[in-house]
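**Q** need a 3D model of the following:
(2 chains)
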Number of protein chains: 2
Amino acid sequence: MAADLSGAPAAPAAAAAGTPAFLAACQRQPTSHRPVWIMRQAGRYLPEYRALRARVDFEALTRTPELAAEVTLQPLRRFPLDAAILFSDIMTPLQGMGVEITFAPGPVVRDPIRSEAQIEALPQLVPQRDVPFVLKTVELVRAGLPQGVPLIGFAGAPFTLLCYLVCGKPSKEFAPARSFLYQQPQAAQRLLTHLADAMAQYLAAQAAAGAQALMLFESWAGLLGPREYRQFALPAVRRVMASLRAAGVPLIYYMNQGSALTSAVADLDADVIGVDWRSDLAQVRKELGAGKAVQGNLDPAALFAAPQELRRHVDAVLAAAGDAPGHIFNLGHGIWPDTDPDAVARLVDYVHERRQS
Amino acid sequence: MAADLSGAPAAPAAAAAGTPAFLAACQRQPTSHRPVWIMRQAGRYLPEYRALRARVDFEALTRTPELAAEVTLQPLRRFPLDAAILFSDIMTPLQGMGVEITFAPGPVVRDPIRSEAQIEALPQLVPQRDVPFVLKTVELVRAGLPQGVPLIGFAGAPFTLLCYLVCGKPSKEFAPARSFLYQQPQAAQRLLTHLADAMAQYLAAQAAAGAQALMLFESWAGLLGPREYRQFALPAVRRVMASLRAAGVPLIYYMNQGSALTSAVADLDADVIGVDWRSDLAQVRKELGAGKAVQGNLDPAALFAAPQELRRHVDAVLAAAGDAPGHIFNLGHGIWPDTDPDAVARLVDYVHERRQS
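**A** Okay, here's the model as predicted:
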């Protein structure tokens, strides 16, 4: 079923002819239209996703290539999106490394990792052996996608994974993870290095399986002040990115709540910085300079505005992004489960329509 | 019991002689030492607070002037802090306005406010009638504090209160509050104006009862992008501040997660901007200019570092704050309940010691 996209909406003119608009924008090349995709576009706001989830639990969905591919492709059947993103979970490779994790619904780590001994004992990830179903999903999705729509592979950034591993469960403050950095800075560095190497392996395998861009999600960047970010999170991200350059695909780094961290990533070797909705996109582009593309950053809450108002909010994002090449339209955070899919349709159409050249 | 501070630690030299260091720093005047206090300094990390809470529930503590005064004074007996802050809850005045709220332990509003009719029906706050116990607490604390230690009164900022009132309970994303702004912007404005007027009344009454500085807590500033912040949250804060100028005491505005909002508050009529731990204090001072004092911004997690390391983190905050007058040392967010009080003692002593003139 994953391969049937016969009813898919048509991509805007010219996109199919050359480099897909999404990949061109990643490289800061001019595009015939403004590419757009949506964080968590495969997920709960879609009735067809909820219908599948009513039959199959979340983990089974992520571990069954045919189902994960189906979920990945669902939003592409509804909307003329410019990219697909692999349906998976940032904890999946950690489970592949033998960490026992359940979902309730957020990830719960059975034995939170807080000692040097636990870090030493963590095996390295061998994607083909440990998460073959993810690589198979990538292959199925590629086979099912029209040529002009690239597939983005992804992983959690090392510090974000550390937050879950140390705390054991999601929390507002992630206090145990933050005090871990201050109490055991060397153990934290060791864990981050290990996670960086594992995620580099994981993403390289996704690219080898067919992913045409790779994205690292730093969901918890905003827990750190600039000094701690530069000391802990950033070196681990650099390590992943340096390893991935050989993959030859665009590299995207999304920072949630990273308003104070923009200057810290200005010289990161990534092609695209994903920007959350709290940041001023014009300011971010200025701070990053001409060497980076940006992705974002409409407030997910704006999809609840009346249609005319939604257009006004889209206009504001486009105005802040400016006319220089290298902007991929997206939300500034994942789409909310109670979003009306019709609002998404209006959003995608309006972005395309507003920025035809 | 509230009035007995005979065992209180001595304030640093010279503080008692003229204007207390905290008040001088609020006005950007030179001080003999760097003033320091700690957000949530009266609370769960103190064994004597926990002992009291074992006997009395949270709401009763906030509503019984003798007990609220006792809790306010507890940290002052242990540490030579430069200010006291009223022990209360940001929801207390809303309860005074007739909103039914329980604590579980976060505030839960029985009937979340989402309609024009509910907003119209909200009564105005008359502090002397609706929350007399708060004003009595202020009087008792003033009577119990040594002269050199001023008392800070406080309230929740209008947008932060809106978040609780619309959502009904705390949540990570406060999604219903954020979609409310986009769906019903005029109703949101009306609610914010009402809350601004109520908090202005509430804070003015605290000043009349003896509070020597007034602080507005914008705990959820970071839910908003700069445009929505300027449209909704900021005008309501301006309205409170304009009304409070007549009180003749320093006005403090704390923004949690406000890294992208600094320039928006540069011309706000407040004396002090409270800065969360994610922001670079040097950058914030630069953006705010010479007309504002700043308060902050050590990461609460830094109190878990080894003593030598804690000093290094304090040094970094002091270096970022610079030598210009107008810095009040504080954490960048409330102290965590599992913090060791001995770490607080070391922190306060080190700040005083490092910045004696």
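**Q** just the buried residues of the longest helix anywhere in chain A, please?
**A** With DSSP state H setting the assignment, residue counts place helix A:185-209 as the longest helix in chain A. Neighbour-count burial for helix A:185-209, counted by 16 or more other Cβ atoms under 10 Å in any protein chain shown, picks out A:185, A:187-189, A:191-192, A:194-207, A:209. For the C-beta atoms, the positions are set from N, CA and C on the backbone; glycine is no exception.
**Q** do stretch A:110-122 as well
**A** Neighbour-count burial for stretch A:110-122 [16+ other Cβ under 10 Å]: A:112, A:113, A:114, A:118, A:119, A:122.
**Q** what does that stretch rub up against?
**A** A:97-102, A:165-168, A:176, A:180, A:184, A:187, A:190-191, A:194 (Cβ atoms under 8 Å, 6 or more residues apart in numbering or on different chains).
**Q** sorry, back to before: return only those of the buried residues of helix A:185-209 found close to chain B.
**A** Checked against chain B using Cβ under 8 Å from any Cβ of the partner chain, the buried residues of helix A:185-209 give no members in range.
**Q** on that earlier part again, quick one: mean pLDDT over the longest helix of chain A.
**A** Throughout helix A:185-209, pLDDT has a mean value of 98.
**Q** and the strands in the stretch 201-350 of chain A?
**A** Shown for the stretch 201-350 of chain A, the strands assigned by DSSP state E, counting those that start in this stretch span residues A:213-218, A:251-255, A:272-275, A:293-298, A:327-331.
**Q** would you format these as TSV with distance to chain B included?
**A** Supplementary listing: the strands of the stretch 201-350 of chain A in TSV, determined by distance: least, Cβ to the nearest Cβ, whole Å:
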stretch	distance to chain B
strand A:213-218	13
strand A:251-255	12
strand A:272-275	10
strand A:293-298	8
strand A:327-331	12
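**Q** distance to residue B:250 for the ones you listed - can I get that in a markdown table?
**A** What follows is those, written out as a markdown table (distance: least, Cβ to Cβ, whole Å):
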| stretch | distance to residue B:250 |
| --- | --- |
| strand A:213-218 | 38 |
| strand A:251-255 | 35 |
| strand A:272-275 | 36 |
| strand A:293-298 | 36 |
| strand A:327-331 | 40 |
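**Q** in CSV, list the ones you listed along with mean pLDDT.
**A** Shown next, in CSV, are those (pLDDT from 0 to 100):
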stretch, mean pLDDT
strand A:213-218, 98
strand A:251-255, 98
strand A:272-275, 98
strand A:293-298, 98
strand A:327-331, 98
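**Q** switch those strands over to TSV; also include mean neighbour count and distance to residue A:307.
**A** Below are these laid out as TSV (neighbours: other Cβ atoms under 10 Å in any protein chain shown; distance: least, Cβ to Cβ, whole Å):
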stretch	mean neighbour count	distance to residue A:307
strand A:213-218	26	30
strand A:251-255	25	28
strand A:272-275	26	25
strand A:293-298	26	14
strand A:327-331	27	17
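**Q** quick one, helices of the stretch 101-250 of chain A?
**A** Secondary structure of the stretch 101-250 of chain A (DSSP state H, counting those that start in this stretch): helices located at A:116-121, A:127-130, A:132-144, A:158-167, A:175-183, A:185-209, A:226-228, A:234-244.
**Q** let me see the mean pLDDT of the last one.
**A** pLDDT averaged over helix A:234-244 equals 98, rounded to a whole number.
**Q** please work out the angle formed by the directions of that helix and helix A:185-209.
**A** 30 degrees (axes from the mean of the first three to the mean of the last three Cα atoms, to 10 degrees).
**Q** contact residues of the stretch 201-350 of chain A facing chain B?
**A** A:222-228, A:257, A:259-260, A:277-280, A:283, A:297, A:299, A:301-302, A:304-306, A:309, A:313, A:316, A:332, A:336, A:338.
**Q** let's see it at 6 Å
**A** The stretch 201-350 of chain A comes close to chain B at residues A:225-226, A:259-260, A:277-280, A:299, A:301-302, A:304-305, A:336, as judged by Cβ under 6 Å from any Cβ of the partner chain.
**Q** how about the host helix or strand of residue A:54: buried residues?
**A** Element membership of residue A:54, judged by DSSP states H and E, is helix A:47-55. Across helix A:47-55, burial judged by 16+ other Cβ under 10 Å covers A:49, A:53.
**Q** export it as CSV, just CAs?
**A** What follows is helix A:47-55, C-alpha atoms only, in CSV (Å, rounded to 0.1, in the frame of the first residue of the first chain):
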residue,chain,number,x,y,z
PRO,A,47,-7.9,10.8,10.6
GLU,A,48,-6.2,8.1,8.4
TYR,A,49,-3.3,8.0,10.9
ARG,A,50,-5.7,7.7,13.8
ALA,A,51,-7.5,4.9,12.1
LEU,A,52,-4.3,2.9,11.7
ARG,A,53,-3.3,3.6,15.3
ALA,A,54,-6.7,2.3,16.5
ARG,A,55,-5.5,-1.1,15.2
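**Q** give me the contact list for it.
**A** A:43, A:74 (Cβ atoms under 6 Å, 6 or more residues apart in numbering or on different chains).
**Q** could you point out which element follows that helix?
**A** Following helix A:47-55 toward the C-terminus (DSSP H and E): helix A:58-63.
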